[in-house]
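Engineer: build me a model:
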Amino acid sequence: MRRRRVVILGATGSIGQSALKVARDIPGRMEIVGMSAHRNTAALAEAAKDFPGARCVRTDGPDGMERLIELATLPEADLVLVAIVGTAGLKPALAAIEHGKDLAVASKEILVMAGEAVMQAAAKRGVRILPVDSEHNAIFQCLEGRDISAVKRLILTCSGGPFRHTPREEFEAITPEHALRHPTWQMGKKITIDSATLFNKALEMIEARWLFGLPIERVEVIVHPQSIIHSMVEFVDGSTLAQMSRSDMCFPIHYAVTWPDRVPNSLKALDFAELARLDFEVPRRDDFPSLDLAVEAGTRGGTLPAVLNAANEIAVDAFLAEKIRFPKIWEIVARVMAECPHIDHPGLEQVIETDRVARALASRLTME
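Structural biologist: Numbering: from 1, shown residues only. Below is the predicted model:
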């Protein structure tokens, strides 16, 4: 059985901390050889006690990107886990691929912004893109050994967030405090707000389109409030496979690191008698327009997914700072998508420039 030598970009965030927990659980299969933190040096120093051989870097200085790229290309590493929120993980991810490292992707922005470039680079270098998002990891497991031509549709499950039953007329009164109360997952602020608006699922739809090579109209979303079924694959013969586990990010990280094997761990398995029931609902697309914006961006492609992502990041920051109301997040994203210049087949630098332009436009809209 192979032992993975892993670099974690973003070791002090929620995903990074879960990855360190997995490494402690299966030391025979996972060795940490590098870790980064942006500002939380105390947490990084604490982690270094358990992994004294790992190279640790702080990335909040002017040379932060250079340090990330250097860490992502460590000669001794064979897997790079990108757990950085936002766009900062894109260049290190591409550098890791160029150096022949497999990539474990927890940062949606990498594939949303530059999915075509990332997947083409991985194919050229013969490296694997291993999904760590629980939904994409579930699909990855369901597809194991199966040809994509046998797939009718991918079904991403969605908790529905804290407002799945809140009437649309009450959205104006939603505060950041309300939106940060996620019903099933403990996550960072950005992704928790994205779960409340369903932009988290919008980004996942675009990500799935690139990871699995299906048009976005064959990627669907179903609300599943228990968050036990993490996603499903429906095949052309009418059969559907689902992957299930407790709501713990250690499960997908564990599978990504140990793939293609199944390795025992200390994680708690499901108790079906305790579960008792699993519920499903159709998402309220008119009230949560994120999903339709994702279909538009994923269908048109080019720089539009990067525009969606950039505008959403700016709008979420403004909402958390109480500069805008909750519904304006969708309004800002839609307007920036409509107004930002479009490029059909962008190079990396064009994606990065489009990201900058979209952020500037979104920032202006937050002040209206």
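
Engineer: buried sites along stretch 189-206?
Structural biologist: 190-206 (16 or more other C-beta atoms under 10 Å). Quick note: C-beta positions are derived from backbone N, CA and C, even for glycine.

Engineer: could you pull out the strands for the stretch 1-150 of the chain?
Structural biologist: Under the criterion DSSP state E, counting those that start in this stretch, strands of the stretch 1-150 of the chain are mapped to 4-9, 30-37, 55-58, 79-82, 102-105, 129-131.

Engineer: which strands or helices does the fourth one pack on?
Structural biologist: Taking 3 or more C-beta pairs under 8 Å, 6 or more residues apart in numbering; DSSP states H and E as the contact definition, the neighbouring helices and strands of strand 79-82 are strand 4-9, helix 14-25, helix 90-98, strand 102-105, helix 250-258.

Engineer: now render the strands of the stretch 1-150 of the chain as JSON lines, adding distance to E281, mean pLDDT and mean neighbour count.
Structural biologist: Shown next, in JSON lines, are the strands of the stretch 1-150 of the chain (distance: least, C-beta to C-beta, whole Å; pLDDT from 0 to 100; neighbours: other C-beta atoms under 10 Å):
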{"stretch": "strand 4-9", "distance to E281": "35", "mean pLDDT": "98", "mean neighbour count": "26"}
{"stretch": "strand 30-37", "distance to E281": "37", "mean pLDDT": "97", "mean neighbour count": "24"}
{"stretch": "strand 55-58", "distance to E281": "44", "mean pLDDT": "96", "mean neighbour count": "17"}
{"stretch": "strand 79-82", "distance to E281": "32", "mean pLDDT": "98", "mean neighbour count": "28"}
{"stretch": "strand 102-105", "distance to E281": "28", "mean pLDDT": "96", "mean neighbour count": "26"}
{"stretch": "strand 129-131", "distance to E281": "25", "mean pLDDT": "96", "mean neighbour count": "23"}
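
Engineer: as JSON lines, the ones you listed with distance to F288 would be great.
Structural biologist: Formatted as JSON lines, those follow (distance: least, C-beta to C-beta, whole Å):
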{"stretch": "strand 4-9", "distance to F288": "31"}
{"stretch": "strand 30-37", "distance to F288": "34"}
{"stretch": "strand 55-58", "distance to F288": "38"}
{"stretch": "strand 79-82", "distance to F288": "27"}
{"stretch": "strand 102-105", "distance to F288": "25"}
{"stretch": "strand 129-131", "distance to F288": "24"}
